[in-house]
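Asker: Let me see the structure of the following:
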Amino acid sequence: MNFGLGAMKRMRKIIATLPICLSDSDPFAQKSYVSEGWTSLPNAVQTLCVETEKKIVFSLISELNNLFGLGLGREPVCERGGPEPLDSRPRLLMIGSSHIGREAEVLADRGYEVTLVSKAGFQICKAAVGEMTEKVREATMELRPSDIVVVQLLDNTSYMARSEEGGDMPIRKYSNGSYHVEGELILAGKDRQFLMFNNLLPILRLLEGRRVVFVTPMPRYLRYSCCAEFDHAPNRYQSSFEDDQRTQLADYRVNYRDFLFKSGLRGFRVVDPSPVLLHTGADEDEDPIWGLDPVHPKAEGYEKVVDLLEIEFSKLLESAVGRKRASSASGGGARKKAKYEPPRASWVNGEQVSIWRGDSGQRFWRGRAGGGRRPRGGYRGRGSRRGNG
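Answerer: Just a heads-up that it's a prediction; the model follows:
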C-alpha cells in the first residue's frame, strides 16, 4: 500500500494464450499475452457475476457461429464451483516496508497473487502503526481462510546508533534522503524489542486465527558502512561484528516467538532470514548476495529469502491439511465419550482445604472442594508456581 496515494495495491501476473486469428489457413496459431504490474483497489476490475458472464459468453458464441459457422453449442455451462485445482496457491497479504515490496515482486513472478500493504522507511511508533492498522484491516476483509499473511515490520526500528556516552538513538535520516549511523551500530535489546512488539499488537491482533509468517530483521552493513566517515558504525571494523550481529538476530527470533506465545497469538511462524544472506568477503561484483547497498541485498538475496518464505508456506498448508484430516478421523469434531471416573474418596468432598507436610509442618494448598475461597494468609509452600517475571 502506498500511503502517499492512500490506495491499496495488488500485484498479479496473468498469462493468457489466445488465438491470433480464426481463419481456416492457420486455426491453431496462438500468442501469449502477459498482463502484469500493480492495480489499485477498489479501482481494479471487479469479478463478474454469473449472469453477466452468461450474456458475454452467449454473445460471443452467437457471433462466432454467425461469422464462421463453427457450430458451437448455444447453451454452455457457466456455473462456478467444482474441485479446487491441485496446483492452486494461497493468495498472499504482504505487510512491511521496502524489503517486503521487493519480496512481493519475486513472489508475483513465481505466480502468486499478492496484496501489498507497505510504507518505505516504516518506523514503529503509535501514529505509524495506527495508520498501518487501518490499511491492514481493509486488506484482511478480502482474505480467505486458506490465504497467508507475511509480516516484516521490524527492520527500520531494530537498528540503532550508540553514542560514546552510551545513549541509543534511531539511525538519522539526512535531508538528502540518506541514513547515517552516528555511533556504533547496535540492535535493540530484549526490553526495547518488547516495546516494539506491544506497539505492533493492534496489527497482530487483526491477524489472529490466520496463517501468518512473521519475519524478523535482516542483517545490515555487513560489507559497507553508511558513508566514509570513520566514526559512523566504527564497530563494523571489529572481527566479531558479523558473528555478533547474526547471534543477536537469532535471539530476535526466539524473543518474538516468546512474545507471540505469551500474548496468546497462535498460528504465527517466526522466520530469521539472516542465515541465507551470507557475506562472502569478495568484492561486490563477485558477491552473489550483497552489492554496494549496505541495507538492501541484491535480487539474488531476495530470491533466497522468498525460498525461505515458500518453505514456511508449505508448512502452514501441511499443518492445515493435517488438522482437517484429524478432524475427519474423529468424526468431524464430535464430542468424545467421557472417561469413567471412580467415585471420589470421602475426604475430597469435605471441607479440607490444605494438606500438611509431615517433615516440615509446612502447609501448601491443593484447592478447596465445593468452590470455596482459600482463607487469607495461607501458605503456598513448595507446591506453588511462580511467574518468570
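Asker: remind me which residues of the protein are low pLDDT?
Answerer: Under the criterion pLDDT under 70, the flagged ranges of the chain are 1-48, 78-88, 165-166, 173-177, 182, 228, 231, 282, 320-389.
Asker: Which parts of it are helices?
Answerer: 50-68, 98-109, 126-140, 155-158, 190-205, 241-262, 299-329 (DSSP state H).
Asker: So what does the closest residue to Asn65 other than its chain neighbours look like in phi/psi?
Answerer: Leaving aside its sequence neighbours, Asn65 sits nearest to Leu72 (C-beta to C-beta, 6 or more residues apart in numbering; 5.6 Å). The C-beta positions use only the backbone N, C-alpha and C, and glycine is treated the same way. When read as degrees, to the nearest 10, the backbone of Leu72 gives phi -70, psi 150.
Asker: and Leu72, how many neighbours?
Answerer: 12 (other C-beta atoms under 10 Å).
Asker: Also Gly267?
Answerer: By other C-beta under 10 Å, the residues close to Gly267 number 15.
Asker: Contact partners for it?
Answerer: With contact set as C-beta atoms under 8 Å, 6 or more residues apart in numbering, Gly267 has these partners: 208-212, 316.
Asker: So which of the helices of the chain has the densest surroundings on average?
Answerer: helix 155-158 (a mean of 22; mean count of other C-beta atoms under 10 Å).
Asker: one step back: who are the contact partners of the residue nearest to Asn65?
Answerer: Leu72 sits next to 61, 64-65 when contact means C-beta under 8 Å, 6+ apart.
Asker: Kindly export stretch 234-244 (C-alpha atoms) in PDB.
Answerer: Below are the C-alpha coordinates for stretch 234-244, written out as PDB (Å, rounded to 0.1, in the frame of the first residue of the first chain):
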ATOM      1  CA  PRO A 234      33.100   2.100  13.700                       C
ATOM      2  CA  ASN A 235      32.400  -1.300  15.300                       C
ATOM      3  CA  ARG A 236      32.000  -2.700  11.800                       C
ATOM      4  CA  TYR A 237      35.800  -3.000  11.700                       C
ATOM      5  CA  GLN A 238      35.800  -5.400  14.600                       C
ATOM      6  CA  SER A 239      36.500  -9.000  13.600                       C
ATOM      7  CA  SER A 240      33.400 -10.300  15.500                       C
ATOM      8  CA  PHE A 241      31.000  -7.800  14.100                       C
ATOM      9  CA  GLU A 242      29.100 -10.100  11.700                       C
ATOM     10  CA  ASP A 243      29.000 -13.100  14.000                       C
ATOM     11  CA  ASP A 244      27.700 -10.900  16.800                       C
END
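Asker: For Pro90, which of the helices of the chain is the nearest?
Answerer: Closest approach to Pro90 among the helices of the chain (C-beta to C-beta): helix 299-329, 7.0 Å.
Asker: Any idea how far apart the tips of stretch 222-233 sit?
Answerer: Counting by C-alpha to C-alpha, to the nearest Å, you get 11 Å between the two ends of stretch 222-233.
Asker: now swap in stretch 199-211 and tell me
Answerer: 21 Å.
Asker: just to revisit the earlier point, now render the contacts of Gly267 as CSV, adding distance to Arg236.
Answerer: Output for those, formatted as CSV (distance: C-beta to C-beta, whole Å):
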residue, distance to Arg236
Glu208, 40
Gly209, 42
Arg210, 39
Arg211, 38
Val212, 33
Leu316, 37
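Asker: are any of those residues buried, and which?
Answerer: 210-212, 316 (16 or more other C-beta atoms under 10 Å).
Asker: Please convert those residues to CSV, extending it with distance to Val271.
Answerer: Below are the buried ones among the contacts of Gly267 laid out as CSV (distance: C-beta to C-beta, whole Å):
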residue, distance to Val271
Arg210, 16
Arg211, 13
Val212, 11
Leu316, 11
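Asker: Run through who's touching stretch 181-192.
Answerer: 157-164, 168-169, 171-172, 196, 217, 220-221, 225-226, 231-236, 245, 248-249, 251-252, 255.
Asker: Ends of it, what's the gap?
Answerer: Termini of stretch 181-192 sit 18 Å apart (C-alpha to C-alpha).
Asker: Okay, buried residues for it please.
Answerer: Neighbour-count burial for stretch 181-192, counted by 16+ other C-beta under 10 Å, picks out 181, 183-188.
Asker: what's the answer for stretch 216-235, then?
Answerer: 216-226, 232-233, 235.
Asker: Next: stretch 278-287.
Answerer: So, applying 16+ other C-beta under 10 Å, buried residues of stretch 278-287: 278, 287.
Asker: That stretch: end-to-end distance?
Answerer: Termini of stretch 278-287 sit 9 Å apart (C-alpha to C-alpha).
Asker: Touching it from outside, list them.
Answerer: Stretch 278-287 is contacted from outside by 219, 222-223, 242, 288-292, 298, using C-beta under 8 Å, 6+ apart.
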